[in-house]
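Novice: got a sequence here, can you build the structure:
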Amino acid sequence: MTSTKPYFSLIVTGLTFFLFAGCDTTTNIYKSTTSKKDYLTINAVTLTHCGCTQLYADNYKNGKLISQVFYNDNLARKTIFDYTKNTKTPTIYSLLATTNENISTPFDSIDLKIFAAIDSAINKNQGFVYPVRWTKYRGYVADTLLNRQ
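Specialist: Residues are numbered from 1 along each chain as shown. Next comes the predicted model:
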């Protein structure tokens, strides 16, 4: 009887691990073109451990990631990857989207396209397991938490 006990606890531990670690899913909800070098893609990532969905909009130019917008119920952050100083390792800048009128960086045409696609996906509940709340952002301010020198 004592020889089956260690196996039982091992099986329960393994099943618990796979229950919590293996259920996150990614769904593509938007891709701008079929180009392999210049395109915009938006993915919905469902995280079962918190019961939430996060959106990632990746903008590629010449095959390199030049910006990413992260969006969830609490915030939207744009990360810009600048390859001018080094073509392999970019300099990274972050901006936070704001609902206030005091913006330091207005949305560009790509940002407007991203937020319109996110709004449309939220309204259609496209690719989401858990709902995402829409927030009407007006532009960006400096992300002082991530841009510390």
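
Novice: may I ask which helix or strand encompasses the residue positioned nearest the centre of the chain?
Specialist: Taking Cα atoms, centre = their mean, the centroid of the chain lies closest to Tyr56, which sits 2.6 Å from it. Assigned by DSSP states H and E, Tyr56 belongs to strand 52-61.

Novice: just the C-alphas of that strand, formatted as CSV.
Specialist: What follows is strand 52-61, C-alpha atoms only, in CSV (Å, rounded to 0.1, in the frame of the first residue of the first chain):
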residue,chain,number,x,y,z
CYS,A,52,-7.8,38.2,-18.1
THR,A,53,-7.0,39.0,-21.7
GLN,A,54,-4.1,41.1,-22.9
LEU,A,55,-3.6,42.5,-26.4
TYR,A,56,-0.3,43.0,-28.2
ALA,A,57,-0.1,45.0,-31.4
ASP,A,58,3.3,44.5,-33.1
ASN,A,59,4.4,46.8,-35.9
TYR,A,60,7.1,45.5,-38.3
LYS,A,61,9.2,47.5,-40.8
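
Novice: related to what we said a few turns ago, just confirm the residue nearest to the centre of the chain contacts Val69, I think it does.
Specialist: Yes. Tyr56 is within contact range of Val69, at 7.4 Å (criterion: Cβ atoms under 8 Å). Any C-beta I mention is one placed from the backbone N, CA and C, and that applies to glycine too.

Novice: in this structure Lys31 contacts Asp38, no?
Specialist: No. Look at Lys31 against Asp38 with Cβ under 8 Å: they stay out of range, at 11.7 Å.

Novice: returning to what we had before: could you report the pLDDT at the residue nearest to the centre of the chain?
Specialist: We have a pLDDT of 96 for Tyr56.

Novice: ok, now which ones touch it?
Specialist: Ile42, Asn43, Val45, Gln68, Val69, Phe70, Tyr71 (Cβ atoms under 8 Å, 6 or more residues apart in numbering).

Novice: flag every buried residue along the strand holding Tyr56.
Specialist: In terms of neighbour count (16 or more other Cβ atoms under 10 Å), strand 52-61 has its buried residues at Cys52, Thr53, Gln54, Leu55, Ala57, Asp58, Asn59, Tyr60.

Novice: now the end-to-end length of stretch 129-143.
Specialist: With Cα to Cα, to the nearest Å as the measure, stretch 129-143 spans 29 Å from end to end.
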